[in-house]
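Asks: Coordinates for the following, if possible.
(2 chains)
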Number of protein chains: 2
Amino acid sequence: MKNFIFFTTILALLLTTSVNAMMKKTGYYCMPCGNDCDTIAYSGPGTCPHCGMKLYTQPEIENLKRNQQKQIKVAFYLQQGVEVLDFAGPMEVFTAAGFEVFTVSKTKDPVLSQGVLKIIPDYDIKDAPEADILAFFGGGSNNITDDNEVMQWIKGYKRPQYYFSVCTGAFALGKAGLLDGLTATTFHMSIGSLRKACPNTKVLSDVRFVDNGKIMTTAGISAGIDGALHLVAKIKGMSAAKNVTTYMEYDKWVPEQGLIVDKAK
Amino acid sequence: MKNFIFFTTILALLLTTSVNAMMKKTGYYCMPCGNDCDTIAYSGPGTCPHCGMKLYTQPEIENLKRNQQKQIKVAFYLQQGVEVLDFAGPMEVFTAAGFEVFTVSKTKDPVLSQGVLKIIPDYDIKDAPEADILAFFGGGSNNITDDNEVMQWIKGYKRPQYYFSVCTGAFALGKAGLLDGLTATTFHMSIGSLRKACPNTKVLSDVRFVDNGKIMTTAGISAGIDGALHLVAKIKGMSAAKNVTTYMEYDKWVPEQGLIVDKAK
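Replies: Numbering: from 1, shown residues only, chains lettered A, B, ... in the order given. Predicted structure coming up:
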């Protein structure tokens, strides 16, 4: 019995010392990128040699906590002709918030964005994994809505927690019937077209984003940044969203420029 | 002589009729993308099936004028780990302004941006063509400054009309000696490091961008959008820049948040 108490005391002491050491010990970690390097502690500032993200100093225990949290997975559907800022703004916001982002396209062929940027998608519609957020963007959005295979994929995709669209990405959600009975917005030059395409949707022209609870649409191009920040605030709290705005030097965010309808759908 | 007058009159009439027809005739054209499809007139709205850009209606003559203007060429140097919004913001702005953008990296291997986005560069440092603007971005900027081959390429590149950097892209310009004696800015967490790396440069922490005439640096991440808009205003006039802000729904641009030093260098 004496031996048991002795060893238990020693074990408790070792554990306490170890946790205390972790709380005191700081390291330099990359911004969360979803790769294995998220757990590597570097000895000084700079950038992560694995993913190239900037390094931040924080206690080891905080990094452990960060990596133990369930990572929100975001699927970015990128079609031929996707507008570059439409997706890149939310990609910056979501990755800086610690979400795991991956890209999907109809096939694994390179996607040409804005007539300039050649992107290799991570997945195609045959092997794309499930996600918590499924996101669509403008620029060539008819390459989604006119493609039966892609539309079937959207309809058959395991219902994510949130649908998110930027600019004319709203047409993909509309064609899939996801905007029926809801309020939405889109690119300023496509407000009339979305009203025609989705007669059962109230389409607004004077908001940066509309949040129906589980389905969010944003206005054109740069408005995707604002909508993504709103989604971060909704999932992780306003202080997490504010941390992202500080990091990306975007104090121009005005949360009130969006409309929160907040229906259950 | 009579014949000569007759044929000249007929020719003049035909030319006038033709120009009048071009002035009256409208078509749907893609936003300028630098590809051959810039000259194709479509019969209705939608997106260009070649580059995926949105179509706009305008008189044929206006499109002809647009395509006859010398296109400003912008080289985007993308290193491993480049921050996605750092380059995507200016890419949106410059392409919407009609500039011809291309990407360059050390090799033609895919570049991983933000630990997420896989990009195939158009050129490597051995075959990259000349440009009017040479641009550098943050995220893994030590993959530029620590690489002798890339630094030699920058120093040996035919001097462009403008150098442009976003975020810690300023370290590339600094290491190449291009910021000596100038005023500059960078990512808010790297102000101190840039001061150490460039002791002959006045590094400011309270501006969105600094314009020294031919060398521009911007603050972090989202500030690249503001700096790129300033460069468009400088090259094509304020109304061209305002057209871009309208198109991309970025009425948050405040031109006065930048400092114009406007030295000849």
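Asks: Is there any residue in stretch A:174-188 that contacts chain B?
Replies: Yes: using CB under 8 Å from any CB of the partner chain, we find that stretch A:174-188 touches chain B at A:F187, A:H188. For every residue, glycine as well, the C-beta is placed using N, CA and C.
Asks: Surely A:Y42 touches A:G27?
Replies: Yes: A:Y42 lies in contact with A:G27 (CB atoms under 8 Å); the separation is 6.5 Å.
Asks: Where does the residue of the stretch 101-250 of chain A found nearest chain B fall, secondary structure wise?
Replies: Closest approach of the stretch 101-250 of chain A to chain B (CB to the nearest CB) occurs at A:G115, with a separation of 2.9 Å. If you go by DSSP states H and E, A:G115 is not part of any helix or strand.
Asks: I'd say it and B:T95 touch.
Replies: Yes: contact status for A:G115 versus B:T95: in contact at 6.9 Å, counting by CB under 8 Å.
Asks: Which residue of these two possesses the greater neighbour count?
Replies: Remark: of A:G115 and B:T95, B:T95 carries more neighbours, 27 against 24, as counted by other CB atoms under 10 Å in any protein chain shown.
Asks: element containing that one, please.
Replies: helix B:84-96.
Asks: now check that helix, is it near chain A?
Replies: Yes: against chain A, helix B:84-96 shows contacts by CB under 8 Å from any CB at B:V84, B:L85, B:A88, B:G89, B:M91, B:E92, B:T95.
Asks: Show me what that helix is packed against.
Replies: helix A:84-96, strand B:73-77, strand B:100-105, strand B:133-136, helix B:223-236, helix B:238-247 (3 or more CB pairs under 8 Å, 6 or more residues apart in numbering or on different chains; DSSP states H and E).
Asks: right, and the ones you listed - which one's nearest A:T183?
Replies: With distances scored as CB to CB, the stretch of the helices and strands packed on helix B:84-96 nearest to A:T183 is helix A:84-96 (20.1 Å).
Asks: tilt between that closest one and helix A:223-236?
Replies: 20 degrees (axes from the mean of the first three to the mean of the last three CA atoms, to 10 degrees).
Asks: Kindly export helix A:84-96 (C-alpha atoms) in CSV.
Replies: Output of helix A:84-96 as CSV, limited to C-alpha atoms (Å, rounded to 0.1, in the frame of the first residue of the first chain):
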residue,chain,number,x,y,z
VAL,A,84,-9.7,35.1,-58.2
LEU,A,85,-10.7,37.4,-55.3
ASP,A,86,-14.1,35.7,-55.0
PHE,A,87,-12.4,32.6,-53.5
ALA,A,88,-9.0,34.0,-52.4
GLY,A,89,-10.6,36.4,-49.9
PRO,A,90,-12.6,33.7,-48.0
MET,A,91,-9.6,31.3,-48.4
GLU,A,92,-7.4,33.8,-46.5
VAL,A,93,-10.0,34.4,-43.8
PHE,A,94,-10.8,30.7,-43.2
THR,A,95,-7.2,29.5,-43.1
ALA,A,96,-6.2,32.3,-40.8
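Asks: just the helices in chain A please.
Replies: Assigned by DSSP state H, the helices in chain A fall at A:2-24, A:60-68, A:84-96, A:142-145, A:148-156, A:170-175, A:191-197, A:223-236, A:238-247.
Asks: Could you report the neighbour count for A:K155?
Replies: 11.
Asks: Might one say that it is in contact with A:L173?
Replies: No: using CB under 8 Å, A:K155 is not in contact with A:L173; the gap is 11.1 Å.
Asks: Ends of stretch A:164-177, what's the gap?
Replies: End-to-end distance of stretch A:164-177 (CA to CA, to the nearest Å): 14 Å.
Asks: Let me fix that, I meant to ask about stretch A:152-170.
Replies: 16 Å.
Asks: Flag every buried residue along that stretch.
Replies: Within stretch A:152-170, the residues scored as buried using 16 or more other CB atoms under 10 Å in any protein chain shown are A:153-154, A:157, A:160, A:162-170.
Asks: For the stretch 51-200 of chain A, give me the ranges with low pLDDT.
Replies: Across the stretch 51-200 of chain A, the ranges flagged by pLDDT under 70 are A:51-54, A:61-70.
Asks: That one against chain B: which residues are in contact?
Replies: Residues of the stretch 51-200 of chain A lying near chain B (CB under 8 Å from any CB): A:51-54, A:79-85, A:88-89, A:91-92, A:95, A:101-103, A:110, A:112-122, A:139-143, A:187-189, A:193.
Asks: 6 Å instead, please
Replies: A:51-53, A:80-81, A:84-85, A:88, A:91-92, A:95, A:101, A:110, A:114-116, A:118-120, A:139-140, A:142 (CB under 6 Å from any CB of the partner chain).
Asks: Just name the closest of the residues of helix B:84-96 next to chain A to B:Q257, please.
Replies: Closest to B:Q257, out of all of these and judged by CB to CB, is B:G89, at 14.6 Å.
Asks: The closest one contacts B:D226, correct?
Replies: No: contact criterion CB atoms under 6 Å: B:G89 and B:D226 do not qualify, at 8.5 Å.
Asks: more neighbours, these two?
Replies: B:G89 (31 against 26).
Asks: Tell me who's in contact with the more buried one.
Replies: B:G89 makes contact with B:G224, B:I225 under the criterion CB atoms under 6 Å, 6 or more residues apart in numbering or on different chains.
Asks: Return the distance of it relative to B:N212.
Replies: 21 Å (CB to CB, to the nearest Å).
Asks: middle-most residue in chain A, spatially?
Replies: Residue closest to the average C-alpha location in chain A (CA atoms, centre = their mean): A:F94, at 3.8 Å.
Asks: Am I right that that residue is in contact with A:A75?
Replies: No: the criterion here is CB under 6 Å, and A:F94 misses it with A:A75 at 10.9 Å.
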